[in-house]
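> Turn this into a structure:
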Amino acid sequence: MPVVDGISAGIRMAEAVAGLQSGAHRAGAFAPPPTKDRKGLSGNLDAALSARQANAGASQPA
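Residues are numbered from 1 along each chain as shown. Down below sits the predicted model:
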């Protein structure tokens with residue numbers, strides 16, 4: 001009966017997924033969730049979250 005080393009199998013699986021170079025997912029199950037309305041936050045916190053969301057969307061590779 002063969003024995004599979006879980007660590008080396010997991011590393012090889014991660015290498016295979018990285019080798020696909022599929023890029024950013026924009027649709028389907030792996031797409032980022034839609035933005036949601038925020039209520040009850042201070043103006044500073046709301047502005048910081050908005051800036052963070054805008055930067056995250058702009059920094060994704062095409």
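
> which residue ranges form the helices in the protein?
Ranges of helices in the chain, per DSSP state H, are 6-20, 43-58.

> any chance of the ones you listed in a markdown table, with mean neighbour count too?
C-betas here are computed from N, CA, C, even on glycine. Converted to a markdown table, the helices of the chain look like this (neighbours: other Cβ atoms under 10 Å):
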| stretch | mean neighbour count |
| --- | --- |
| helix 6-20 | 9 |
| helix 43-58 | 10 |
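
> quick one: which of these has the weakest pLDDT on average?
Ranked by mean pLDDT, these end with helix 43-58 at the bottom, a mean of 84.

> and it, what other elements does it pack with?
Using 3 or more Cβ pairs under 8 Å, 6 or more residues apart in numbering; DSSP states H and E, no helix or strand is in contact with helix 43-58.

> So which residues make contact with it?
For helix 43-58, contacts defined as Cβ atoms under 8 Å, 6 or more residues apart in numbering pick out 35, 38, 41.

> State the distance from the second one to residue 20.
With distances defined as Cβ to Cβ, to the nearest Å, the gap from residue 38 to residue 20 amounts to 35 Å.
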